[in-house]
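Asks: following is a predicted model, sequence given first.
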Amino acid sequence: MGVQKIILIFFLLNASQAYSQWNEVTQFSHHLLMDIECLSEEEVFVVGTDSIAGVPTGVLHHSIDGGINWDTHHFENTDRMFKVFVVDADVIYVANRGSRIYKTIDGGTTWTLLNIPSGDPAVGIVSGYFINADIGLIGNAFGEIFKTVDGGLNWERVFFIQPFFMILDISCVSDSLCYASTVLNPNLLKSTDGGDTWDFINSDPFQFAPQAIAVLGIDSILAVGSDASIHRALDLESDWDTIPSPVNSIFNLKDVFFKDSIGYAVGTRDAIFKSADYGASWTVAQFDSTSFDWINAIYMVNETSAYACSLKGSVLRQGLFTSVETLSDKSKNDLNIYPNPVGNQMTVEFENVKNGTLEVFNLHGQRYHFIEIRNQTKVTLDLQEVNSNILFLRFIEKDTHYTITKKIINNQ
């Protein structure tokens, strides 16, 4: 590699400048990925089926570095994991397509099998919501909703429609206010007592069952359907609005997620749509009318960072750049990079002893370095394999989450 000249300049980002392109960060071969949740911008959990050995096995993948490296846990005697519910760093629930839930209270080191009584034990758990580590709701393909108040040791059936009218989604606004969607018309349910009792509510516009719902506020819901439809009610006592799809094609929407006014809807044909106005209008983030793959689930960490997973085994990430507070002159001196210009290496030096993470990535989200800083004042990075013209270096302090981001322009 020839001699490089790298000019270093500060690049201070705000939310409006956040990088919005979606990138595939991981592709698990012979996998079907069904659901994804996050604890932070770097810690991700994804579940599905691993068929690489020829026998389908339920699997959980866990990354603490934004999808670069993964720890994998296979669940014996299960052929597909449908849902993951991450309560905190220690308590996680994973549900399979039978009436089984696995629980860990030590971050995934050990797992306990929790069996849920059901009218048909072979049906899958397809939806759920955990209010906290002890209180949770589970919906299945038999049309039942179960509730636990003791961390899954005991379950009570709190709702039943009729056999095989599945509960497609469950979402809660608070400890008491929850909503659910079903395949039976009327399609929406509401609970005001934390899921103990449920009532059908107005949902006339749905010709097809709403696959997923996003609660925008009290009595304000957005639902996406299997006919690519998007419906929104700002007041459930009034009429629903049908929102035009941003593409004219045949496809299905599978999941939707909102953080305040920003939201994403995902589905077949690799569809990812974005809204910035509480779902009133949508733009295409990605869509391929010829694709046979579909995005099964999406999880937003914040308004500028999100992850999604697909049926072909892909994990996608949006928003590699995040909101960074404006730095004072003093804080800019906390991190220095030299020499300038540099060759095949560069040294990052801190004013004081630091603990945290340091990463280097390019405009397309490709990472060249992700390392932990442990009681260090200086670290040297190898740039011999770096061929991008523009790079970004970001340091996040462990305890305070204090962030410094620098842009690096490579003039080769």
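Replies: Here it is on my side, so go on. Source: prediction; values computed, not measured.

Asks: what segments of the stretch 51-200 of the chain are strands?
Replies: Listed in chain order, the strands of the stretch 51-200 of the chain (DSSP state E, counting those that start in this stretch) span 57-63, 71-75, 81-86, 92-96, 100-104, 112-115, 125-130, 136-140, 144-148, 156-160, 167-172, 178-182, 188-191, 199-201.

Asks: so which of the ones you listed comes closest to Asp277?
Replies: With CB to CB as the measure, strand 167-172 is the member of the strands of the stretch 51-200 of the chain nearest Asp277 (20.1 Å). Where you see a C-beta, it was placed from the backbone N, CA and C, and this is true even at glycine.

Asks: may I see the buried residues of the closest one?
Replies: For strand 167-172, a neighbour-count test (16 or more other CB atoms under 10 Å) marks 167-172 as buried.

Asks: elements contacting it?
Replies: Applying 3 or more CB pairs under 8 Å, 6 or more residues apart in numbering; DSSP states H and E, we find strand 167-172 packed against strand 125-130, strand 136-140, strand 144-148, strand 178-182, strand 210-217.

Asks: give the closest residue to Leu60 in space, chain neighbours not counted.
Replies: In space, and not counting its chain neighbours, Leu60 is closest to His73: 4.7 Å by CB to CB, 6 or more residues apart in numbering.

Asks: alpha carbons only: can I get stretch 384-400 in CSV?
Replies: Taking C-alpha atoms only, stretch 384-400 is exported to CSV below (Å, rounded to 0.1, in the frame of the first residue of the first chain):
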residue,chain,number,x,y,z
GLN,A,384,-2.6,-0.9,6.2
GLU,A,385,-5.8,-2.6,5.0
VAL,A,386,-7.9,0.7,5.0
ASN,A,387,-8.6,1.9,1.5
SER,A,388,-11.6,4.2,2.1
ASN,A,389,-11.3,7.9,1.4
ILE,A,390,-13.5,8.9,4.3
LEU,A,391,-13.4,7.3,7.7
PHE,A,392,-14.9,8.0,11.1
LEU,A,393,-13.4,7.5,14.5
ARG,A,394,-15.7,7.4,17.5
PHE,A,395,-14.9,7.0,21.2
ILE,A,396,-17.7,6.4,23.7
GLU,A,397,-16.7,6.6,27.4
LYS,A,398,-18.0,3.6,29.4
ASP,A,399,-19.6,5.2,32.5
THR,A,400,-20.8,8.6,31.2
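
Asks: list the buried ones in that stretch?
Replies: 386, 388, 391-397.

Asks: of those residues, which belong to strands?
Replies: Taking DSSP state E, the ones among these that sit in strands are 391-397.

Asks: re the thing from before, need the strands of the stretch 51-200 of the chain in JSON lines with mean pLDDT and distance to Ile213, can you?
Replies: What follows is the strands of the stretch 51-200 of the chain, written out as JSON lines (pLDDT from 0 to 100; distance: least, CB to CB, whole Å):
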{"stretch": "strand 57-63", "mean pLDDT": "93", "distance to Ile213": "25"}
{"stretch": "strand 71-75", "mean pLDDT": "92", "distance to Ile213": "28"}
{"stretch": "strand 81-86", "mean pLDDT": "94", "distance to Ile213": "15"}
{"stretch": "strand 92-96", "mean pLDDT": "94", "distance to Ile213": "18"}
{"stretch": "strand 100-104", "mean pLDDT": "92", "distance to Ile213": "22"}
{"stretch": "strand 112-115", "mean pLDDT": "88", "distance to Ile213": "25"}
{"stretch": "strand 125-130", "mean pLDDT": "93", "distance to Ile213": "10"}
{"stretch": "strand 136-140", "mean pLDDT": "94", "distance to Ile213": "12"}
{"stretch": "strand 144-148", "mean pLDDT": "94", "distance to Ile213": "14"}
{"stretch": "strand 156-160", "mean pLDDT": "94", "distance to Ile213": "16"}
{"stretch": "strand 167-172", "mean pLDDT": "94", "distance to Ile213": "5"}
{"stretch": "strand 178-182", "mean pLDDT": "92", "distance to Ile213": "5"}
{"stretch": "strand 188-191", "mean pLDDT": "91", "distance to Ile213": "7"}
{"stretch": "strand 199-201", "mean pLDDT": "88", "distance to Ile213": "11"}
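
Asks: tabulate these in a markdown table, adding columns for distance to Phe257.
Replies: Formatted as a markdown table, the strands of the stretch 51-200 of the chain follow (distance: least, CB to CB, whole Å):
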| stretch | distance to Phe257 |
| --- | --- |
| strand 57-63 | 19 |
| strand 71-75 | 24 |
| strand 81-86 | 14 |
| strand 92-96 | 19 |
| strand 100-104 | 22 |
| strand 112-115 | 26 |
| strand 125-130 | 13 |
| strand 136-140 | 18 |
| strand 144-148 | 21 |
| strand 156-160 | 24 |
| strand 167-172 | 10 |
| strand 178-182 | 14 |
| strand 188-191 | 18 |
| strand 199-201 | 21 |
